[in-house]
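**Student:** turn this into a model:
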Amino acid sequence: MFLKDARSVRLREGEHHVDDVSNTLKRFFRESIGESIFTNEAYQDWFHTSMIPEERQKIQQYQTLFTCLPQVNRATLKAMINHLYCVQRFSDKNQMTMHNLAIVYGPTLFQTDGQDNKAGRVVEDLINHFIDLFNIDEQQLKKQLDEIVSIIKLRDVCLMQSSQNAGDFICTVYLEEKKSECELSLKVPATMTAQELANEILYLRKLMTKEKDNWSCFEVIEREEMERPLHYAEKVLPILLHSLGTDSYLVVKKNIAMETMLMYLASRVADQKHGMVKFREERKLALGVGSFSDRYFMLTGFTLRLYKEVRSNKPEKEWPVKSLKVYLGVKKKFKPPTCWGFTFLYENKEKHEKQQWYVCCDTQMEQREWFATFLYVQNDGNVWPSHSSSSRASRTPPDSRFSNISLIPLRGNANEMRNSVAAFSADHLSIFKKV
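**Tutor:** Have a look, this model is predicted:
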């Protein structure tokens, strides 16, 4: 059945085990595909390459041999080494180090008897130099590893939450900064808003707040180089389910810019913003060329437009404002010209299109004015509650059994996410029954 239509095979927890998958994979490469994936004509060349002492020369020779393989062999080998690379990244949990995997899969992929270590040495090299050998997009690889972390955590949470209320999730949130003494674990119902989460955290820590403290919940990503204050009415659960990765977290802290932004919005005549900023595109960053350059931006009630210069009549680009996600900050490796920058994320789900670009302002006040206008337009003028709400989704103290377990980010489109949450609420283990 696996050979006829591998995609139709459904593994079920309790009926199948990790060893079943591993044994099937090894039998496939050893018995079902005829010759070795490295081909009978070239496998000795791979062995000789593993003996080259200089690493850069060795990698270049491996790349040459790889390009000489048939297309199907190249795709299969790349997928297999990708899998082994991901497995060894979690060797602390599965005990399968790079060396152990090479010993197991070297003879299998080369279809040798395993009497010497040549095959294992090649496979270990391929795993070790996976990113360079196959020109891997590190951002995509990070997403893949994040998803694996998510699955591992989801299984742990499913097992530990079997006695909890359906639909409530356990989430780790930090107060003011990411330190062990500042973290709290609490239930997050599907209805909880960012303001309710902030209020709950402040209540649990018994903090007295003032009216203009403007406590907010922030989504922090990319090793703390970028952050986004959640709108006070924004639901927290979709952020936890769909956005947070291994380098991301939620923190409740004072929004020190909010009072200034509210004063700016109160003094404006029109609901728009325009001006010159420094701009850089993601695609140029990916190519390793280009730099930040001056561009004229115009933000109106519905659209953000980019012009090459002030006098231009036709915009170079334009985006619907409510489809943009705006983060404060730009990653340092892109060398932003100022520290008052934004990172814009745009996703068109209908066209399966994603864009990311970067903008820097000349002053902090200019950054705050732009951000205030974005918040105003995206939320139809409802930027901040007129009075501080004390409502909380729950006053139940966090269950000590869950310690610092973080909730897992699920991947997929909106329908897939809703289906996953619905299935999880009804039966905590149901999500694994179709794996």
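**Student:** show me where the stretch 201-350 of the chain has strands.
**Tutor:** Here the stretch 201-350 of the chain has its strands, by DSSP state E, counting those that start in this stretch, at 215-221, 226-229, 249-254, 273-281, 293-299, 303-307, 317-320, 324-328, 341-348.
**Student:** now do the contacts for Val122.
**Tutor:** Under the criterion of CB atoms under 8 Å, 6 or more residues apart in numbering, the neighbours of Val122 are Trp46, Phe47, Thr49, Ser50, Gly106, Phe110. C-betas here are computed from N, CA, C, even on glycine.
**Student:** switch to 10 Å and redo it
**Tutor:** 38, 43, 46-50, 62, 65, 102, 106, 109-110 (CB atoms under 10 Å, 6 or more residues apart in numbering).
**Student:** please identify which of the residues you listed is nearest to Ile201.
**Tutor:** Ala102 (46.8 Å; CB to CB).
**Student:** the closest one and Phe110 touch, don't they?
**Tutor:** No. Using CB atoms under 10 Å, Ala102 is not in contact with Phe110; the gap is 11.1 Å.
**Student:** which residues are common contacts for these two?
**Tutor:** Contacts common to Ala102 and Phe110, judged by CB under 10 Å, 6+ apart, are Ala119, Gly120, Val122, Val123.
**Student:** of those residues, buried ones?
**Tutor:** Neighbour-count burial (16 or more other CB atoms under 10 Å) applied to these gives Ala119, Gly120, Val122, Val123.
**Student:** so which pair among the residues you listed is furthest apart in space?
**Tutor:** Gly120 and Val122 (7.3 Å).
**Student:** okay, and the common contacts of those two?
**Tutor:** Ser50, Ala102, Gly106, Leu109, Phe110.
**Student:** those: which two are farthest apart?
**Tutor:** Longest span within these, CB to CB: Ser50 and Leu109, 13.2 Å.
**Student:** domains of this structure?
**Tutor:** Domain ranges of the chain: 33-136, 144-256+387-432, 272-378, per automatic domain parsing.
**Student:** of all the residues in stretch 263-283, which ones are buried?
**Tutor:** Buried, per 16+ other CB under 10 Å, within stretch 263-283: Tyr264, Leu265, Lys273, His274, Val277, Lys278, Phe279, Arg280, Glu281, Glu282.
**Student:** tell me the average confidence for the longest helix along the chain?
**Tutor:** Secondary structure of the chain per DSSP state H: the longest helix is helix 138-160. Averaged over helix 138-160, pLDDT sits at 80.
**Student:** before we move on, what about stretch 208-216?
**Tutor:** 86.
**Student:** dump that stretch to PDB, restricted to CA.
**Tutor:** Extracted in PDB, the C-alpha atoms of stretch 208-216 (Å, rounded to 0.1, in the frame of the first residue of the first chain):
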ATOM      1  CA  MET A 208      -1.600  48.500  41.800                       C
ATOM      2  CA  THR A 209      -2.000  50.500  38.600                       C
ATOM      3  CA  LYS A 210      -2.600  54.100  37.700                       C
ATOM      4  CA  GLU A 211      -5.000  55.400  35.000                       C
ATOM      5  CA  LYS A 212      -2.300  56.500  32.600                       C
ATOM      6  CA  ASP A 213       0.000  53.500  33.100                       C
ATOM      7  CA  ASN A 214      -1.400  52.100  29.900                       C
ATOM      8  CA  TRP A 215      -0.500  48.400  30.500                       C
ATOM      9  CA  SER A 216      -0.600  46.400  27.300                       C
END
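**Student:** burial check on Glu350, number of neighbours?
**Tutor:** 5 (other CB atoms under 10 Å).
**Student:** 519 is where my numbering starts, stick with that
**Tutor:** I'll keep to 519 as the first residue from here, and by that count the last item is Glu868.
**Student:** from Tyr750, how far out is it?
**Tutor:** Counting by CB to CB, to the nearest Å, the separation of Glu868 from Tyr750 is 29 Å.
**Student:** try Phe892
**Tutor:** Distance, Phe892 to Tyr750, by CB to CB: 15 Å.
**Student:** okay, those two: which has more neighbours?
**Tutor:** Tyr750 (23 against 19).
**Student:** report pLDDT for the closest residue to that one other than its chain neighbours.
**Tutor:** Leaving aside its sequence neighbours, Tyr750 sits nearest to Gln713 (CB to CB, 6 or more residues apart in numbering; 4.0 Å). Turning to Gln713, the model gives it a pLDDT of 93.
**Student:** just Glu572 next, same as before
**Tutor:** Glu572 carries a pLDDT value of 93.
**Student:** try Glu737
**Tutor:** 93.
**Student:** that one against Leu863, yeah?
**Tutor:** No. Counting by CB under 10 Å, Glu737 does not reach Leu863; the two are 11.6 Å apart.
**Student:** give the residues shared as contacts by those two.
**Tutor:** In contact with both Glu737 and Leu863: Met744, Arg746, Lys843, Tyr845, using CB under 10 Å, 6+ apart.
**Student:** any of those buried? List them.
**Tutor:** Buried, going by 16+ other CB under 10 Å: Met744, Arg746, Tyr845, out of the shared contacts of Glu737 and Leu863.
**Student:** how much space separates the second one from Val795?
**Tutor:** For Arg746, the distance to Val795 (CB to CB) stands at 19 Å.
**Student:** next one: the first one
**Tutor:** Remark: distance between Met744 and Val795 (CB to CB) = 17 Å.
**Student:** what residues are up against Gly552?
**Tutor:** If you count contacts by CB under 10 Å, 6+ apart, then Gly552 has Asn558, Gln629 around it.
**Student:** against Asn558, how distant is it?
**Tutor:** Counting by CB to CB - Gly552 and Asn558 are separated by 9 Å.
**Student:** find residues that contact each of the two.
**Tutor:** With CB under 10 Å, 6+ apart, Gly552 and Asn558 have common neighbours Gln629.
**Student:** now name the helix or strand holding the residue in the chain sticking out farthest from the centre.
**Tutor:** Using CA atoms, centre = their mean, the residue of the chain lying farthest from its centre is Gln633. It sits 42.4 Å away. Here Gln633, judged by DSSP states H and E, is contained in no helix and no strand.
**Student:** and Leu595, by the same measure?
**Tutor:** helix 589-607.
**Student:** next: Tyr580.
**Tutor:** Remark: Tyr580 resides in helix 573-586, with elements defined by DSSP H and E.
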